[in-house]
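Trainee: Here is a sequence with its predicted model. Questions after.
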Amino acid sequence: MTIHATAVVHPKAVLADSVDIGPYAVIGENVTIEAGTTVGSHVVIEGRTDIGEDCKISPFVSIGTSPQHFRYQGEDTLVTIGRNNTIREFVTVNRATEFGGGVTKIGDNNLLMAYVHIAHDCLLGNHILMANAATLAGHISIGDHAVIGGLVGIHQYVRIGRFAMVGGCSALGQDVPPFTRAAGGYRAHLIGLNSVGLSRNGFSSETIQSLKSAYRTLFRSDLKQTESIQMLRDAAQNTAEVSELVQFIEGTKRGICRSGLPKVTNGDERVEELTARL
């Protein structure tokens, strides 16, 4: 273990032998840091915070500070961060609220670029990329392998599904289903399937085609949402990914981002052309 002479580490903090603490860092009483993690200069880690192995925490990061919420009254809540995360300069991660679940959680193998903000009670999965200055309000969940562009702002309680992608400078007030793309200013809308991301992550062409067909039924047809969901449920052959997409939509509380492209009807000669663009 290497602790710089100017760092302030509480004697009750639990640090693994191979942890590296940089100059002027401040590590609080209830902090646990696992092996191989490096903490840069001027980092502040406080509250009840657990950080996993092999994380790289850049200078001026703040983790475990109290939530920005009027109802928070100092309750004993938690931040947990998994292994092999890269947390770049000036990222802020707030601990949770008791009424919101008690834990702010970040999984494994994530990249949080500079100035990202993770508010109280957010739940992040694994292999997520958040670009510079993307900000999460409270109670947001983000699924594995999602990509959040720079300067994105996301409203509290919004859900982002697995393998979804949100374009830069977007404002999100509703859920983004798994495997889809969303972009736009105030407010963002769906712009198709995340086909490139799915292909890069090893999804078969058959699975991608099934998701394209489901996307068209859900968001591009003139059917009501209940009708399109029932049509997909009644399909003789349904992939696990299509079922996941349907279940995500059925579980929404804030509503789903709508398509930014015009609807088409079966038999419309533009269907194949538009589908190719998803």
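Mentor: Received the coordinates, thanks. Numbers count the residues shown, from 1 in each chain.

Trainee: where along the stretch 1-150 of the chain do the helices fall?
Mentor: For the stretch 1-150 of the chain, none of the segments meets the definition of helices by DSSP state H, counting those that start in this stretch.

Trainee: Quick check: which ranges of it have low pLDDT?
Mentor: Across the stretch 1-150 of the chain, no stretch falls below the confidence threshold (pLDDT under 70).

Trainee: Which residues does stretch 2-12 contact?
Mentor: Outside stretch 2-12, the residues that touch it by CB atoms under 8 Å, 6 or more residues apart in numbering are 15, 19-31, 41. From N, CA and C alone the C-beta is placed, and that goes for glycine too.

Trainee: how about 7 Å then?
Mentor: Counting contacts by CB atoms under 7 Å, 6 or more residues apart in numbering, the residues outside stretch 2-12 that touch it are 20-29.

Trainee: Could I get the CA-only coordinates of it as CSV?
Mentor: Written as CSV, here are the backbone C-alpha positions of stretch 2-12 (Å, rounded to 0.1, in the frame of the first residue of the first chain):
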residue,chain,number,x,y,z
THR,A,2,1.2,3.5,-0.9
ILE,A,3,-0.3,6.5,0.8
HIS,A,4,1.1,9.9,0.0
ALA,A,5,2.3,11.9,3.0
THR,A,6,-0.2,14.7,2.3
ALA,A,7,-3.2,12.4,2.0
VAL,A,8,-5.7,12.2,5.0
VAL,A,9,-6.9,8.7,5.6
HIS,A,10,-9.1,7.9,8.6
PRO,A,11,-7.5,5.2,10.8
LYS,A,12,-10.8,3.2,10.6
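
Trainee: can you give me how far it is from the chain middle?
Mentor: Centroid separation for stretch 2-12 versus its chain: 32 Å, with CA atoms, centre = their mean, to the nearest Å.

Trainee: cool, stretch 154-173 as well?
Mentor: In this view, stretch 154-173 has its centroid 8 Å away from the chain centroid, taken as CA atoms, centre = their mean.

Trainee: ditto for stretch 167-179
Mentor: For stretch 167-179, the distance between its averaged C-alpha position and the chain's averaged C-alpha position is 10 Å (CA atoms, centre = their mean).

Trainee: mind starting the numbering at 46 from now?
Mentor: Sounds good: first residue 46 from here, last item stretch 212-224.

Trainee: among the contacts of stretch 47-57, who's most crowded?
Mentor: With neighbours set by other CB atoms under 10 Å, the maximum within the contacts of stretch 47-57 is found at Ile66, which has 27 neighbours.

Trainee: is that residue in a bridge, and if so with what?
Mentor: Residues in a beta bridge with Ile66, per DSSP bridges, are Ile48, Val84.

Trainee: Do I have it right that it meets Thr83?
Mentor: No - with contacts defined as CB atoms under 7 Å, Ile66 does not count as touching Thr83, sitting 8.2 Å away.

Trainee: Can you give me the neighbour number for Glu251?
Mentor: So Glu251, with other CB under 10 Å, has 9 neighbours.

Trainee: just Leu290 next, same as before
Mentor: Around Leu290 sit 26 other residues, with neighbours defined as other CB under 10 Å.

Trainee: Please report how far it lies from Val148.
Mentor: In this structure, Leu290 and Val148 are separated by 27 Å, where distance is defined by CB to CB, to the nearest Å.

Trainee: and if you look at Gly237?
Mentor: From Gly237 over to Val148 the distance is 34 Å, taken as CB to CB.

Trainee: With neighbour numbers in mind, choose between those two.
Mentor: The residue with more neighbours, out of Gly237 and Val148 and counting by other CB under 10 Å, is Gly237; that gives 22 against 18.
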